[in-house]
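Student: Attaching a predicted model along with its sequence, questions to come.
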Amino acid sequence: MLGDYDPARPLRPWVFGIAYRVGLRYLHVSHRRREVPSEIPEAPDSAPGADALVERSETRDLARYALSRVEASRRAVLILAHFEGLTVPEIASALQIPLNTAYSRLHRARQEFSDAARKLGWRDP
C-alpha cells in the first residue's frame, strides 16, 4: 500500500482513505459474526476506602500549603516541570527566561517546597 502513495498529494487524506475502507470492510463482515454471551465475573470494588480518601485529602492540603510557600516565579517553574511534565528548555521558552535561570529556579523551588513540607511534618514530600 505504501508503494501506492503519491508524494505529490497530501498524506492525511490518503491515510484517512485507507482507514475508511478498512472500517467499511469490517462493517460488512461484522454482521456475519456472532458473539457467544458469557458470564462476566464481578470485578472487586476498586474504590479507595475512607481512610485512603482522608489521607489523600490531607496530603493534597499539605502539598498546596507547601507549594504556597514557594516564591511565585519559582512556583511557576516547579508546576510546569512536575505537574505539566515540561522539560526545563521548554519551560525556559514558555516563560521567556534564560535556560540557566529556569534550572536555578527549579532547583530553588524544589528546596523551598521540601523545606516547607518538612516544617509541616510531611516525611516524604
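Tutor: Thanks, I have the structure now.
Student: what's around residue 79, how many residues?
Tutor: Residue 79 has 15 neighbouring residues, counting by other C-beta atoms under 10 Å. C-beta coordinates here come from the backbone N, C-alpha and C atoms, glycine included.
Student: Any stretches of the protein with poor pLDDT?
Tutor: In the predicted model, the chain carries pLDDT under 70 at residues 1-2, 14, 30-37, 41, 123-125.
Student: Let me see the domain layout of it.
Tutor: Under the assignment automatic domain parsing, the domains of the chain span 1-32, 62-119.
Student: Most tightly packed of the ones you listed?
Tutor: For those, average neighbour numbers computed from mean count of other C-beta atoms under 10 Å are highest in domain 62-119, which has a mean of 16.
Student: Need the distance between the two termini of that one.
Tutor: The separation between the terminal residues of domain 62-119, taken as C-alpha to C-alpha, to the nearest Å, is 11 Å.
Student: Let me know the helix or strand that residue 60 is in.
Tutor: Counting by DSSP states H and E, the element that carries residue 60 is helix 50-68.
Student: what angle separates the helix or strand following that helix from helix 50-68?
Tutor: Going down the chain from helix 50-68, the next helix or strand is helix 72-82, by DSSP H and E. Relative orientation of helix 72-82 and helix 50-68, computed by axes from the mean of the first three to the mean of the last three C-alpha atoms, to 10 degrees: 140 degrees.
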